[in-house]
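Asks: Provided below for reference: sequence and predicted model.
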Amino acid sequence: MRDYRISEYLKNLSFLSNEEMNKDYPVKPFQRPYSQRNNNSARFDRIEEGLEKTQNNVNHKGSCPKGLVAQSNFIQSYFMPLKLIVPSNSNDEENDGDGYDEDNNRWTGYDPLEKKK
């Protein structure tokens, strides 16, 4: 047996024939070229069968009563419920706005800043 690359080179130079090359280095089944055959007709048949099955299922579903099949009692809340800022046990008298004058629309519970001279 000879080195494959040397044999390939000699075959390209026409010193070796294809028969001699195949005798020394037989082509393995996974090396054989796979003839690409057209499977479109089989593929179309499978698609048509799938469409027919889908159409039959849809038609069967249309004859069913339109009610709920199952209902879940599980309700999950993503956000936490809001907490009140003003406690519910506080009296309205205590929460009178803390110095907000509704007539003049201003806060009176704080001392305004004095201007620097």
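Replies: Cool, got the structure.

Asks: shaky segments in the chain?
Replies: Scanning the chain for pLDDT under 70 picks out 1-2, 32, 34-39, 60-81, 84, 86-99, 108-117.

Asks: and the next helix or strand past the longest helix that it contains?
Replies: Criterion DSSP state H: the longest helix present in the chain is helix 40-62. Remark: after helix 40-62, the chain's next helix or strand is strand 100-101, criterion DSSP states H and E.

Asks: helices or strands up against that following strand?
Replies: Applying 3 or more CB pairs under 8 Å, 6 or more residues apart in numbering; DSSP states H and E, we find strand 100-101 packed against strand 106-107. Every C-beta, even on glycine, is put in place using the N, C-alpha and C of the backbone.

Asks: you'd agree Val27 is in a strand?
Replies: No - read with DSSP: H, G, I helix; E, B strand; the rest coil, Val27 is coil and lies in no strand.

Asks: that one: neighbouring residues, count only.
Replies: Val27: 10 surrounding residues under other CB atoms under 10 Å.

Asks: now it: how far from Glu19?
Replies: For Val27, the distance to Glu19 equals 12 Å [CB to CB, to the nearest Å].

Asks: repeat for Asp101
Replies: Distance of Asp101 to Glu19, given as CB to CB: 112 Å.

Asks: compare these two (neighbour count), which wins?
Replies: Using other CB under 10 Å as the criterion, Asp101 and Glu19 rank with Asp101 on top: 11 against 8.

Asks: beta partners for that one?
Replies: Partner residues in beta bridges with Asp101, using DSSP bridges, are Arg106.

Asks: from now on call the first residue 811
Replies: Yep, numbering from 811; the last one is Asp911 now.

Asks: distance check, it against Ile895.
Replies: Asp911 sits 21 Å away from Ile895, going by CB to CB.
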